[in-house]
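Chemist: Build me a model:
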Amino acid sequence: MYVASTRTPGTTLKVVKGLPGTVFALGTVSLLTDVSAEMVTAFLPVYLLYTLQLGYVQFGLLDGLYTGATAVLRLVGGYVSDRIGRPKLVAFFGYGLSAVTKLV
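Modeler: Next up, the predicted model:
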């Protein structure tokens, strides 16, 4: 990685030496989103199996749908990002959608 010694017009500010502000912001948002998702997914099997009395096969199908849907959405997001050429916009929309659905 090349690190410029002086800031040229049109470049982003460095939060940490050699780390662009956009990378730091996306990393922080990604961390918080992953923590909130992991808090839910760690307890969800116990809730579904013991509280809602879901069977193991039903839980397996539900988990497979969840995993498949996230894989497809990542592929779609990557395709859209490449197609429109605005990866920051797609990332902002994806993280925003994730935050809104967790609030509901």
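Chemist: Please enumerate the strands of this protein.
Modeler: 14-16, 19-20 (DSSP state E).
Chemist: for the record, mean pLDDT for the longest one?
Modeler: Meaning strand 14-16. What strand 14-16 shows for mean pLDDT is 58.
Chemist: now swap in the shortest one and tell me
Modeler: Looking at strand 19-20 alone, the average pLDDT works out to 82.
Chemist: Neighbouring strands of it in the sheet, and parallel or not?
Modeler: Paired strands of strand 19-20, with direction, are strand 14-16 (antiparallel) (DSSP bridges).
Chemist: For the longest helix seen in the chain, what is the distance to the chain centroid?
Modeler: Taking DSSP state H as the criterion, the chain has its longest helix at helix 56-84. Here the centre of helix 56-84 is set off from its chain's centre by 12 Å, with CA atoms, centre = their mean, to the nearest Å.
Chemist: by contact count, what packs against it?
Modeler: The elements that helix 56-84 packs onto, with contact taken as 3 or more CB pairs under 8 Å, 6 or more residues apart in numbering; DSSP states H and E, are helix 87-103. All C-beta spots, glycine's among them, are computed from the backbone N, C-alpha and C.
Chemist: tell me how far the helix it packs on is from the chain's mean position?
Modeler: The answer for helix 87-103 is 8 Å, by CA atoms, centre = their mean.
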